[in-house]
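**Student:** Output the structure for:
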Amino acid sequence: MFIVTIMMAILIGIVIYKGYQNTHSVVMNEIHINHRSADRAGGSSLKILHLSDLHLENISICPNTLYHRVKKLDIDLVAVTGDFLDRKRSLPKLIPYLKVLNKLNPSYGSYAVFGNHDYVLKDKYFHQLKKILNDFGLKTLQNQNDLIQIGNKRINIIGIDDFSTKRSNLKESYKGVGNGYNLVFTHDPNVVLSMKEEYHFDYLLSGHFHGGQIHWPKPYHLVKMGKLVKMNMVKGLHHYKERPFYINEGLGQTGVNIRIGSRPEITVHNVTIPEEVKEVGAAM
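**Tutor:** Numbers count the residues shown, from 1 in each chain. Alright, predicted model coming up:
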């Protein structure tokens, strides 16, 4: 019995050590979203750098390493889909990462939405988080939208607040949105199941699940995190009613600082804009 206990302890130790090593093994995924009748000419493509779930209390990639992974990318847009941190003492740690994103100088700017962990902060410190993001060039969207133009194409940037903490408001998020390509940023991807036809999206970016973080043999611990888990949609590219959405595995970890069956992720999305998107100035 003693020998069995020792062997089990060694095995658990090896698994934990390997799991910790995995948090340093960052994967860069490149995704191509080619819509029907996509017009590749005239600057109607969009390259998006997508980060999510930094969880600065448990992140194994330093700002310098992040910079060397992304510095050669010709980025049009940066999207960070929530869960930066949940402790006020981590606020200064965020700044070097934001400086890295600033160096990329994306053509159409940088955007951020908030996740459930961000809202753990007290009001004063949450507002500090938002101010830091804004000061370093990330436009924060809380059930709000913005508009960018690629050539004569309209791209609606729609930021839906965190679904898991019941802060999502689809009506407010889409308020004033006209014709164009609807690109949605949000934290919890479960919101897609609530987005009926009047809340159309062409592509949606999210995070929240960490790819299970401990995804072996299955991410059973995610069972309470919404219907998408039961549909086996916890990471990568998926479709709901023929509309594509992506679940980023995140850069950091929550709880225990290990990953099994998942890796920290940097994603580059190459999105083509369809010909049928209305031109600027067209009737709305």
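
**Student:** What ranges does the protein have for its strands?
**Tutor:** 27-33, 45-51, 77-81, 110-113, 138-140, 144-150, 153-160, 181-186, 203-206, 236-240, 243-247, 265-272 (DSSP state E).

**Student:** Kindly reformat those strands as TSV containing distance to Asn169.
**Tutor:** From N, CA and C alone the C-beta is placed, and that goes for glycine too. Converted to TSV, the strands of the chain look like this (distance: least, CB to CB, whole Å):
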stretch	distance to Asn169
strand 27-33	26
strand 45-51	23
strand 77-81	17
strand 110-113	13
strand 138-140	15
strand 144-150	10
strand 153-160	8
strand 181-186	12
strand 203-206	16
strand 236-240	20
strand 243-247	19
strand 265-272	25
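
**Student:** closest one to Gln253 among those?
**Tutor:** Set against Gln253 and scored by CB to CB, the strands of the chain come closest in strand 265-272, at 11.9 Å.

**Student:** got a markdown table for the strands of the chain, with mean neighbour count and distance to Lys175 too?
**Tutor:** What follows is the strands of the chain, written out as a markdown table (neighbours: other CB atoms under 10 Å; distance: least, CB to CB, whole Å):
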| stretch | mean neighbour count | distance to Lys175 |
| --- | --- | --- |
| strand 27-33 | 14 | 26 |
| strand 45-51 | 22 | 23 |
| strand 77-81 | 26 | 20 |
| strand 110-113 | 26 | 16 |
| strand 138-140 | 17 | 17 |
| strand 144-150 | 17 | 7 |
| strand 153-160 | 24 | 10 |
| strand 181-186 | 26 | 13 |
| strand 203-206 | 25 | 18 |
| strand 236-240 | 15 | 23 |
| strand 243-247 | 21 | 21 |
| strand 265-272 | 20 | 24 |
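
**Student:** Which of these sits closest to Ile132?
**Tutor:** Of all these, strand 138-140 sits nearest to Ile132, with 8.8 Å by CB to CB.

**Student:** list the helices and strands that closest one packs on?
**Tutor:** Based on contacts counted as 3 or more CB pairs under 8 Å, 6 or more residues apart in numbering; DSSP states H and E, the elements that strand 138-140 packs against are strand 110-113, helix 123-135.

**Student:** Okay, buried residues for the longest one please.
**Tutor:** Within helix 123-135, the residues scored as buried using 16 or more other CB atoms under 10 Å are 125, 129-130, 132-133.

**Student:** out of these, who's nearest Ser194?
**Tutor:** After measuring these against Ser194 - CB to CB - the closest member comes out as Lys130, at 25.0 Å.

**Student:** any idea which of the buried residues of helix 123-135 is the one closest to Thr267?
**Tutor:** Minimum distance to Thr267 across the buried residues of helix 123-135 is 19.4 Å, recorded for Leu133 (CB to CB).

**Student:** you'd agree the closest one is up against His127?
**Tutor:** No: with the criterion set as CB atoms under 8 Å, Leu133 and His127 do not qualify as a contacting pair; they are 10.8 Å apart.

**Student:** give me the number of residues near Lys196?
**Tutor:** 9 (other CB atoms under 10 Å).

**Student:** oh, I was asking about Ile260
**Tutor:** Other residues lying near Ile260 total 16 when counted by other CB under 10 Å.

**Student:** Return the distance of it relative to Leu222.
**Tutor:** Between Ile260 and Leu222 the distance, using CB to CB, to the nearest Å, works out to 14 Å.

**Student:** Residues that sit against both of the two, list them.
**Tutor:** Taking CB atoms under 8 Å, 6 or more residues apart in numbering as the contact rule, Ile260 and Leu222 have no neighbour in common.

**Student:** Out of the helices and strands in this protein, which is least certain?
**Tutor:** The helix or strand with the lowest mean pLDDT-type score in the chain, counting by mean pLDDT, DSSP states H and E, is helix 2-22 (a mean of 68).

**Student:** Please convert the helices and strands packed on strand 138-140 to TSV, extending it with distance to Pro274.
**Tutor:** As requested, those are exported to TSV (distance: least, CB to CB, whole Å):
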stretch	distance to Pro274
strand 110-113	21
helix 123-135	31
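
**Student:** Tell me which of the ones you listed sits nearest to His24.
**Tutor:** strand 110-113 (24.6 Å).

**Student:** Off-centre distance for that closest one?
**Tutor:** 9 Å (CA atoms, centre = their mean, to the nearest Å).

**Student:** Good, we can wrap up now.
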